[in-house]
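Peer 1: Predicted structure and sequence below. I'll ask about it afterward.
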2 protein chains.
Amino acid sequence: MAVETLYRSSRDPEQLFMDKAAADRHDQMLELAEQLSAVLRHAVPSINESQAEEAGVFMARHREHFAKAFKRNGDALDELLVPTTD
Amino acid sequence: MAVETLYRSSRDPEQLFMDKAAADRHDQMLELAEQLSAVLRHAVPSINESQAEEAGVFMARHREHFAKAFKRNGDALDELLVPTTD
């Protein structure tokens, strides 16, 4: 019998990773999602917690598109408007 | 009598500018805000139009903070969580 090492983010204990770097990326994405949803709720109090969370996770998942949009211009977001499966 | 040149963004006809560069910046901010709110509504359909617009304008107004957050890490957003007057 062999012992295997697994990794997970404390923010999402169900999701297990064999690769530490992947677990790190997942944890950073979830941390950014949390910070984004906190700012969204601060900016627009009428947005509820689950809406803010959903928006935060979506933006964190597509952070390269949003980084480009804020850095250069919003056209980088056009790709995100096509119906996706995620 | 002197004739003065004024500038404005077609997206916000009430706001007049004496300085073209300022009008350009305002127009780019409003364009980014529109693109952000379209993506937010696409990602979280339960968010209504005025909520998405309010969130889009807030993020576009603070684009440097959000650019840093998406590029490096979300701590750049902490400053936005202090109660502000804007």
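Peer 2: Noted; the coordinates are in hand. Since the structure is predicted, the reported quantities are computational estimates derived from the model, not experimental observations. Numbering: from 1, shown residues only, chains lettered A, B, ... in the order given.
Peer 1: need the contact list for A:Glu54.
Peer 2: B:43-44 (C-beta atoms under 8 Å, 6 or more residues apart in numbering or on different chains). Where C-beta positions appear, they are placed from N, C-alpha and C, glycine not excepted.
Peer 1: wait, doesn't A:Lys71 sit right on B:Lys71?
Peer 2: Yes: counting by C-beta atoms under 8 Å, B:Lys71 is a contact partner of A:Lys71 at 6.9 Å.
Peer 1: Who are the packing partners of the helix or strand that contains A:Leu32?
Peer 2: Applying DSSP states H and E as the criterion places A:Leu32 in helix A:20-43. For helix A:20-43, the elements it packs on are helix A:49-61, helix B:49-61, helix B:63-71, judged by 3 or more C-beta pairs under 8 Å, 6 or more residues apart in numbering or on different chains; DSSP states H and E.
Peer 1: Quick check: mean pLDDT of the second one?
Peer 2: So that's helix B:49-61. Averaged over helix B:49-61, pLDDT sits at 97.
Peer 1: for that helix, the distance to its chain's centre please.
Peer 2: 7 Å (C-alpha atoms, centre = their mean, to the nearest Å).
Peer 1: what do you get for the shortest one?
Peer 2: Helix B:63-71 has its average C-alpha position 13 Å from the chain's average C-alpha position, going by C-alpha atoms, centre = their mean.
Peer 1: What residues of it count as buried?
Peer 2: The neighbour-count check on helix B:63-71 (16 or more other C-beta atoms under 10 Å in any protein chain shown) flags B:63, B:65-70 as buried.
Peer 1: ok, the residue nearest the centre of chain A - contacts?
Peer 2: In chain A, the centroid-proximal residue (C-alpha atoms, centre = their mean) is A:Ala60; its distance is 3.0 Å. Applying C-beta under 8 Å, 6+ apart to A:Ala60 gives the contacts A:29-30, A:32-33, A:36.
Peer 1: Now flag whichever of the residues you listed is closest to chain B.
Peer 2: Using C-beta to the nearest C-beta, A:Leu32 comes nearest to chain B of the contacts of A:Ala60, at 4.3 Å.
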